[in-house]
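In: Build the 3D model from these lines:
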Amino acid sequence: MTNSNPRAWIAGCVAAASALLLTSCTSGSGDGAAVGTTSPQPSVSASQAAAEAREKTLTDQAQAALAAVHSGTMVEAGAERVTDGIHTEPTFRRGRTYKLNLVCFGSGSARVTFTPASAGAKTEVPCDQSLVQQRITVHKLPIRIDADGAEGSTGMIAWQIDTA
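Out: Take a look at the predicted model:
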């Protein structure tokens, strides 16, 4: 007759219970699928793919227009949907002057504002592929630049800030 160790018996019961719990937590509800697996995502719709292709084309065109007028050393540049707007606080140096170039491809317009207002004048950017240039004078830091699309505006707006 052998004398069993109670600790070994409890450890065995805990291991068996853990295995049983893990098995029950990962089994599906009868469909054979494990919990935590996901079904395949639906493919991108044709209209969404066309919209993305149009955005890329407009972005490329806007950036090419900015490249044509680039001068000085570039400080910051980017492109956004008009509906998202531009919201940035570039790294400027006090006492310097910079040039902001903007172009919007699409329809509608965007309004550019500066904080503090003394950094630059409010400017309207039409989404008709026109280049808009604005001088930025740095007296006080930081400077925030916002370009918000007018209601119903669509397309892409690109900007580039160069040293003057």
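In: Can I get stretch 126-136 in CSV? Just the C-alpha atoms.
Out: Written as CSV, here are the backbone C-alpha positions of stretch 126-136 (Å, rounded to 0.1, in the frame of the first residue of the first chain):
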residue,chain,number,x,y,z
PRO,A,126,-9.7,78.5,-53.4
CYS,A,127,-9.7,74.9,-54.5
ASP,A,128,-9.2,75.9,-58.1
GLN,A,129,-5.5,75.0,-58.3
SER,A,130,-4.4,78.6,-57.6
LEU,A,131,-1.2,79.0,-55.7
VAL,A,132,-1.6,81.2,-52.6
GLN,A,133,1.5,82.6,-50.9
GLN,A,134,1.5,84.1,-47.4
ARG,A,135,4.4,85.7,-45.5
ILE,A,136,4.8,84.6,-41.8
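In: Next, the buried residues of it.
Out: For stretch 126-136, a neighbour-count test (16 or more other CB atoms under 10 Å) marks 126-127, 132, 134, 136 as buried. Every C-beta, even on glycine, is put in place using the N, C-alpha and C of the backbone.
In: same question, stretch 148-164
Out: Buried positions in stretch 148-164, judged by neighbour count with 16+ other CB under 10 Å: 148-149, 153-162.
In: between these, which is nearest Lys99?
Out: Comparing the buried residues of stretch 148-164 against Lys99 with CB to CB places Asp162 closest, at 5.0 Å.
In: confidence score at that closest one?
Out: In this model, Asp162 is scored at 96, pLDDT.
In: cool, Gly36 as well?
Out: Model confidence at Gly36, given as pLDDT, is 48.
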